[in-house]
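[1] Predicted model and sequence below, questions to follow.
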Amino acid sequence: MSVHLESVTIRYGDLIAVDNLSVSFASGSIGLLGRNGAGKSSVLKALLGLVQPECGVMRFADLPADATPEQIRAYVGYMPERDAHLPQATGFDMVALLGMLSGLPRLDAWRRAHEVLYLVGLEEQRYRLVSSYSAGMRQKVKLAAALVHDPQVLFLDEPTNGLDPDGRREMLELVRQLSTQLGKSIVFSTHILQDVESVCDAAVVMERGRVVAQGPLGQLTKGAAREYHLQVEPSTVSLIEQLQLGMRADSLGDGRYAV
Amino acid sequence: MSDPVVSQSLGISNSFSALWIAARQTIYLLAFRRTLWWSLPGCAALFVLTFVAGLRAPDPVSGRSVYCVFAWWGLSTVVVPWVAAFLGVQSVHGELEDRTSQYLFLRPVFRAPLLLGKWLAVSLLAVLVTVAAVLALFAGIAQHLDRWPDGVEWELVTAFGWSMGLGALAYSAIAVLFGAMFRRPLAWSAFFIVGVQIVVANLPVSAGLRQLTVTDPLRRVVLDWIEPDGRLARIMWPSETVISVDDIGSPVINLAIITVVCLALACWKYSSAEYESRSRD
């Protein structure tokens, strides 16, 4: 996979979500890192043809330049941040239906649904209603739905959102497995640096709709000083005194310190 | 994991397949909603209505007159438009609002077949409810054999079943359009059904606006089928000054045009609908 965006601007009314963005995503696992509202999801949606950019060029190297959004969505599996489930459907029904909607014949869709639900670890729960799933299981069924038509590329939008530590570990392991064992190219959108560090080879960091850093993770983190923001209530004085014995702590105002 | 198995053809066969899957899924989802199940007590109420009317109507009133009046006023102004409106709005607007439509929008299929599939499902269910209502009304008055001196006229069931079924198709297309287009589609449906239609369908023919309604072509289809006598016709359509089978025109074509235009607009609007309307990153 290789995806190029050049001078892409996405606007929602007066709000500029992505501002003249030029970036490339190479093969492998790429982290798309940034705070909420940085424009990460907008970039993914624009690439999938779900949002129309105001201007700019977007191109998948493996697809024709005039590829339609439908062709792109056949090539890319997208796991949305928000729940997009079918009410009154079991995990199996939902994934099989989405397989059929992706062009699979019924029997192939059933087979693939079983396979991907097994892969994501929902083999025991596949005949339960999705509405009865836990947060972790819902994330997994969304991942299964993104995988059912066997796309070359996966866009994962905040896949660890709302998961407890065990669920998060499981999801990250799953993503790593998809990349290393099944050879999927992955764009992993998140605001959690540790998630990117644990599954990605490279990262693109976004802030306010712009790219502020990009490159291999080793290169991005090399020599970078770690900065932790701690907020301690009601009093920070004794903590700061303790910290100042061995570390540098600078006041940022409003009771916040950079250590 | 197996080898890639997806047929990535996005041609006509895939669109037909998507249409069929969307239709089946919509029927499945609507079957879980209360709206559809209200039609059962509704049909029972219609049966009781014509049965009681058969008991209490003055003696000279025939079963044919009772049935035609109740079927026209009950079905064309209440049952058919409102059933289609509720089902159409729920299946399109409801899914856009609660974001369950995202699962459809993320697939590699065009949106138009998905919407047409929904219309097909809504139409099918609306026609089924309509036919059930036609039969329930008829069953109520058919119990009173004394009001059918020349025998029970079963052809009235065919006449109203056919015409109201056509109406259900057109109203479903309008509901689907409103569902795709407006933020408050039920309010717009109400405005169209009880506002626009009543006003426009009662304008003089010379105004040329009647073809924008469903009621007027439906009236002409019914008129063509049942050919009522002058008294019955005046009860059914009191605002008409001239009721003549010579002025029927091509009501089925009028209904087909309304349906096709509404569906085309709905497909265009649905295809450009925002993927996610409530929140943006």
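    Cool, got the structure. Residues are numbered from 1 along each chain as shown, chains lettered A, B, ... in the order given.

[2] B:R184: how many residues sit nearby?
    By the criterion of other Cβ atoms under 10 Å in any protein chain shown, B:R184 has 12 neighbours. Where C-beta positions appear, they are placed from N, C-alpha and C, glycine not excepted.

[3] ignore the last one, B:P238
    When neighbours are counted by other Cβ under 10 Å, B:P238 registers 8.

[4] Show me where the stretch 51-200 of chain B has its helices.
    For the stretch 51-200 of chain B, the helices defined by DSSP state H, counting those that start in this stretch occupy B:63-70, B:80-89, B:95-97, B:102-105, B:111-142, B:155-181, B:185-190, B:197-201.

[5] got the angle for the second one vs helix B:111-142?
    Using axes from the mean of the first three to the mean of the last three Cα atoms, to 10 degrees, the direction of helix B:80-89 lies 150 degrees away from that of helix B:111-142.

[6] what do you get for the first one?
    Between helix B:63-70 and helix B:111-142, the angle formed by their directions is 140 degrees, by the same axes, to 10 degrees.

[7] For helix B:63-70, name the packing helices and strands.
    Other helices and strands packing on helix B:63-70, by 3 or more Cβ pairs under 8 Å, 6 or more residues apart in numbering or on different chains; DSSP states H and E, are helix B:39-56, helix B:111-142, helix B:155-181, helix B:230-236.

[8] same thing with the fourth one?
    Applying 3+ Cβ pairs under 8 Å, 6+ apart, we find helix B:102-105 packed against helix A:91-101, helix B:111-142.

[9] Please name whichever of those is nearest to B:A201.
    Ranking the helices and strands packed on helix B:102-105 by proximity to B:A201 (Cβ to Cβ) places helix B:111-142 first, at 19.0 Å.

[10] Helix, strand or coil: sort out whichever residue of the stretch 151-259 of chain A sits closest to chain B for me.
    Closest contact between the stretch 151-259 of chain A and chain B, by Cβ to the nearest Cβ, is at A:L182 (6.1 Å). On the three-state scheme (DSSP: H, G, I helix; E, B strand; the rest coil), A:L182 is labelled coil.

[11] Can you report how many residues lie near it?
    A:L182 has 12 nearby residues by other Cβ under 10 Å.

[12] go on, B:I174?
    26.

[13] doesn't B:V214 make contact with it?
    Yes - using Cβ atoms under 8 Å, B:I174 makes contact with B:V214 at a distance of 7.2 Å.

[14] between the two, what contacts are shared?
    Residues touching both B:I174 and B:V214 (Cβ atoms under 8 Å, 6 or more residues apart in numbering or on different chains): B:I258.

[15] Let me have the helices and strands packed on helix B:63-70 in CSV, extended by distance to A:G99 and mean pLDDT.
    Formatted as CSV, those follow (distance: least, Cβ to Cβ, whole Å; pLDDT from 0 to 100):
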stretch, distance to A:G99, mean pLDDT
helix B:39-56, 33, 92
helix B:111-142, 16, 95
helix B:155-181, 26, 95
helix B:230-236, 52, 81
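
[16] To chain A, which of those lies closest?
    Chain A lies closest to helix B:111-142 among the helices and strands packed on helix B:63-70, at 8.3 Å (Cβ to the nearest Cβ).

[17] Okay, buried residues for the closest one please.
    Residues of helix B:111-142 classed as buried by neighbour count (16 or more other Cβ atoms under 10 Å in any protein chain shown): B:111-127, B:129-138, B:140-142.

[18] Let me see the contact set for B:A71.
    B:V134, B:L137, B:F138, B:L156, B:F160, B:M164.

[19] I'd like to know how many residues surround the residue lying closest to the third one once chain neighbours are set aside.
    Leaving aside its chain neighbours, B:F138 sits nearest to B:V157 (5.1 Å; criterion: Cβ to Cβ, 6 or more residues apart in numbering or on different chains). Per other Cβ under 10 Å, the neighbour tally for B:V157 reads 19.

[20] got it, and the one 10 residues further on?
    Counted by other Cβ under 10 Å, the residues lying close to B:G167 total 27.

[21] Pull up the residues of the stretch 51-200 of chain B that are close to chain A.
    Within the stretch 51-200 of chain B, the positions lying close to chain A (Cβ under 8 Å from any Cβ of the partner chain) are B:R99, B:T100, B:Q102, B:Y103, B:L104, B:F105, B:L106, B:R107, B:P108, B:V109, B:F110.

[22] Would you convert those into TSV that also reports pLDDT and neighbour count?
    TSV is the format used below for these (pLDDT from 0 to 100; neighbours: other Cβ atoms under 10 Å in any protein chain shown):
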residue	pLDDT	neighbour count
B:R99	75	19
B:T100	76	17
B:Q102	80	19
B:Y103	81	22
B:L104	84	23
B:F105	86	25
B:L106	86	24
B:R107	88	25
B:P108	87	26
B:V109	88	24
B:F110	89	19
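
[23] Now do the same contact list for the residue sitting nearest the centre point of chain B.
    For chain B, B:A168 is the residue whose C-alpha lies nearest the centre (Cα atoms, centre = their mean; 2.0 Å). B:A168 is in contact with B:V80, B:V83, B:A84, B:S123, B:A126, B:V127, B:V129, B:T130, counting by Cβ under 8 Å, 6+ apart.

[24] So which residues make contact with stretch B:169-177?
    Outside of stretch B:169-177, the residues within contact range by Cβ under 8 Å, 6+ apart are B:80-81, B:84-89, B:91-92, B:115, B:118-119, B:122-123, B:126-127, B:185, B:189, B:192, B:214, B:217, B:255, B:258-260, B:262-263, B:265-266, B:269.

[25] Repeat the analysis, applying 7 Å as the threshold.
    Here stretch B:169-177 makes contact (Cβ atoms under 7 Å, 6 or more residues apart in numbering or on different chains) with B:80-81, B:84-85, B:88-89, B:92, B:115, B:118-119, B:122-123, B:126, B:189, B:192, B:214, B:255, B:258-259, B:262-263, B:265-266.

[26] next one: stretch B:201-214
    Residues outside stretch B:201-214 that contact it (Cβ under 7 Å, 6+ apart): B:G167, B:A170, B:Y171, B:V196, B:Q197, B:V200, B:T215, B:D216, B:S239, B:N254, B:L255, B:I258.

[27] Out of those residues, which comes closest to A:G13?
    B:V196 (31.4 Å).

[28] and the closest one, how many residues sit next to it?
    By the criterion of other Cβ under 10 Å, B:V196 has 15 neighbours.
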